[in-house]
Structures are given as structure tokens and as C-alpha cells.
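Peer 1: Provided below for reference: sequence and predicted model.
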Amino acid sequence: MNETLTEQIIRPARNINGSLRLPGDKSISHRYALLGGLAEGTTRLANFSTGADCASSLGCVEALGAEITRSEDGGVEIKGVGGRFAAPDAPLDCGNSGSTMRMLSGLLAPQAHTFTLVGDASLSRRPMERVRKPLMQMGAEIELTEGHAPVTIRGKALKGIDYTTPVPSAQVKTALLFAGMQAEGTTTVHESVRTRDHGELALRAFGANVERTLDSVSIAGGQTLRAIEAVVPGDISSAAFFFCAAALFPGSNLIFDGLGMNPTRATLCDVLTALGAHIGVLNLEDKFGELVGTVQINAPKDGMTGTTISGGLAAQLIDELPVLAAIAPYTANGIRIRDAKELRVKESDRIALVAKNLRAMGAEVEEFEDGLDVPGGQPLRGAVIDAGGDHRIAMAFSVAALRAEGETLIRGAESAAISFPEFFTLLDRVCER
Ligand code: S3P
């Protein structure tokens, strides 16, 4: 298969088998890129994310004075600016990446220049007030246009605050910690749901002191960062598509080496286990606080059962919900998703697009403001899928297509490259046809 095609045909598979090592985690790569850009010294990262989103983070820190060298084998060297970014001569282009725009806003708010952050059409529709509001409480000067990008930041000295995130968001939490580390006093972020903790772990990796309780994280201001050498763990959110593909075929066997298994990211393993799949984890190691291991998945012999995902689980699984919904028709009892309104403000309205594409494949599905009901026991037929420019929709329906009757055409397949350019090639490699 060819990654540059905008349309991709997915033929049904008979089984899924193989062993994979995936490119670096997107969330961790962003944080290492941004902190490496600010740190003192040269950060050397192996297995950096190959996705376009993390390239946006690298491009931004380069425009802010860091020196970036990328090698063919996935290595990245970042010579950091040593605490003070340079004034960029053009707007900082965050591309499609909400993570870049939100976390960089926190990193730049206390820096002594004026910065403008812009993004593509999808990113320019996404909510930015959630990061502006707490940063303004810290004393930042930030302008948006009706709550959206462009984001204009006039750097100011900041003061630490105590903040409870109204919507669980690791991006907002991380932005506040990035600002707090450069502010006067201490910044504490409280969260009702424990979101991914890569920001806290990355700050510690770069030498910052971060305090944690079960539901809060604090950072004192005036801290400096020093460069690291690290291998980025394989991306579990990319693995999620393969986990779900494997779960569809009794007799499947997939093994991942060097996969990130941070507990704040691994909730999908609990859900697939609850649906009947067998997941084994071996050789767990701690790399700068991130757990990395070998993971094996086998499908349930008698097919998947069904489940409800709501409350805190929905927040922790937010990136995996599209693919879970896409395979739900193949379960016995279906999957109900609630408390996932955030899906509507991701790279696309993921609730609407999942419903539309499931219907195109012949499934019945009920859409709610904050979720979906996808009944089980529904065979799907191949169809034309609209990825809507959203990488996770393109990949989710490529997985659903593996057990459909007939071929599926994914329109907008190139969007997979936002997080996972190798997706179609690797999918082809593990599919038995
Ligand atoms: C991310 C946090 C989540 C997630 C996104 C990556 C991160 O977004 O959906 O893909 O790296 O912090 P929110 O912070 O908006 O929940």
C-alpha cells in the first residue's frame, strides 16, 4: 500500500498475525520536543514520532531558536535555547496539532516576546479558551478570535495559581505546568480524572521538580531544564488500531516490542480484556518514568462481548473511542459510549463522523450529544468512508473494514500521517488475506 495516496482500499482479512515495533508516542514526543527546545544542552531522542503533528512541535521550537537535526532512523537532536526563546520572524505554524498549540501557549506565555500561533482549518476551529483562561489568571496576555486560533501571546512575568481543570485535559494541565515552571511561586493543577501524566514525567526527566498527589500536580517556579538522551516508547494509541484489529479475529496473535505502557494510557487494555481479549505484558522497564514493555494480544475465542464506557473512563480512552465504536458492531452486545462530548471538538466531530461512517457500512447506531450507542451482532459491508481529514477516523474504519463483506474505500486516508504515516503499510503486513 502507498502512504501518499489520498484514497485507500481495504480488503477484508482472514486473520491478524505478526510482530511490530511502533514509532514513538505522539504525546511524549511533543513534550520532549518542546522541553528539549527550551532546555540547556542538546537533547538526543531515538524513535521520535514520525507523525506530522510532532514535526509541527519541532518546527515551532526551531522557529524559536532551537537547532533541530533529524536523521533517517527516527533520531532527533535538539540543541535547546537554554531558557530563553528567540523572537520568531513569522507566525508559529502548529499545523493540525492541538497539543502543539495548547502546550506551546503555556511554554511561551512567560517568555519575553510576542508570539502568534496559527494552525490549519481544523485546528482553527478547536477551543483554545480552556488554555487562555487559566494562563490569564497567572497574569498572561493572550488574545484569541472568538475562542479560537490565531493565538497571540504577549510574554509577561507570571504568578503561580491553584487551578481545577473543568474539562479533563492533559494538554491544558501540561500547558499550566510549562508556564508554572517559569512563574513566580507554585502552580498546582487539580483534576477530577487522572489524565495522561507525560507532562509531569517529561518535566522530571528534564530535571524539574514536580510534586504529585492522587488528584493534583504542583510545580515551583524558577526551574531550569537540562537536555536528555531518551528512546521514545512506541505509541500505544497507534497500537490501539492493531489491538482492535487483532481482537476481531479468533486465532489472531500480535506482539509489540518497546511499547509505551504508561498506566494513564493503557486503559484500552482493560476494556479489551473486559470484552474477552487476552493481553499479556512482559519485560516492563521504566524509562524516565514511562513504562515500556512487550505486549501480546490474542482475540477471544468466542468473539467479543460488549460494554459501556462512561465517566472518567471516557476521558482516559478519548483517543481510542473512535476505533472501539467502529468495531462495536462485531461485538455480541454492543458498545455504549457516554460522557465523551470532547469527541465533538477533536480534529473532527468524531461522534458525528463515526455515526455517519458506521451507517455507510450498514450498521444501526444512535447518536447522543455526549456519545453513541452501537448495538452488537451487526455484520458490516464495505463502503466509502469519509475520514473528514481526521487521522483517527481513517484508521478506525480501516480496522472495521477488515471484517466487512466486500472492499472499503477510505477517502482522506492521507490524514493517517498526522500521527502514524506507516499505518497502512504495517496493517497490510499483519493481515492474512
Ligand atoms: C493529549 C491529550 C488529549 C488527547 C490528545 C493528546 C496530550 O487531548 O486527545 O490526542 O498529549 O496531552 P485533551 O488534552 O484535549 O484531552
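Peer 2: Ah, there it is.
Peer 1: of all the residues in the stretch 1-150 of the chain, which ones are close to the ligand?
Peer 2: For the stretch 1-150 of the chain, the contact set with the ligand under C-beta under 6 Å from any ligand atom comprises 27, 99. Bear in mind the C-beta positions are built from the backbone N, C-alpha and C, glycine included.
Peer 1: hmm, 8 Å instead?
Peer 2: Residues of the stretch 1-150 of the chain lying close to the ligand by C-beta under 8 Å from any ligand atom are 26, 27, 30, 31, 98, 99, 102, 103.
Peer 1: Now intersect those residues with the helices, please.
Peer 2: Taking DSSP state H, the ones among those that sit in helices are 26, 27, 30, 31, 98, 99, 102, 103.
Peer 1: Write a ChimeraX command that selects only the buried members of these.
Peer 2: Provided next is the ChimeraX selection string for whichever of these are buried by 16 or more other C-beta atoms under 10 Å:
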select :26,27,30,31,98,99,102,103
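Peer 1: From the ones in helices among the residues of the stretch 1-150 of the chain next to the ligand, pick the one nearest the ligand.
Peer 2: The nearest member of these to the ligand, counting by C-beta to the nearest ligand atom, is residue 27 at 3.3 Å.
Peer 1: what about the closest one, distance to residue 125?
Peer 2: In this view, residue 27 and residue 125 are 22 Å apart by C-beta to C-beta, to the nearest Å.
Peer 1: Contact residues of the stretch 301-433 of the chain facing the ligand?
Peer 2: 315, 318, 319, 342, 346.
Peer 1: buried subset of these?
Peer 2: 315, 318, 319, 342, 346.
Peer 1: wait, what's in contact with the residue nearest to residue 29 when sequence neighbours are not counted?
Peer 2: Spatial nearest neighbour of residue 29, excluding adjacent residues (C-beta to C-beta, 6 or more residues apart in numbering): residue 49 at 3.6 Å. Contacts were defined as C-beta atoms under 8 Å, 6 or more residues apart in numbering; by that measure residue 49 touches 23, 24, 25, 26, 28, 29, 30, 232, 235, 419.
Peer 1: Could I get the residues you listed in CSV, plus columns for pLDDT?
Peer 2: Converted to CSV, the contacts of residue 49 look like this (pLDDT from 0 to 100):
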residue, pLDDT
23, 97
24, 98
25, 98
26, 98
28, 98
29, 98
30, 98
232, 98
235, 98
419, 96
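Peer 1: which stretches of the stretch 151-300 of the chain form strands?
Peer 2: 162-164, 186-190, 210-212, 216-220, 229-231, 253-260, 278-287, 290-298 (DSSP state E, counting those that start in this stretch).
Peer 1: still on that earlier bit, now, among the residues of the stretch 1-150 of the chain next to the ligand, which is nearest to residue 397?
Peer 2: Closest to residue 397 out of these is residue 26 (19.8 Å), distances taken as C-beta to C-beta.
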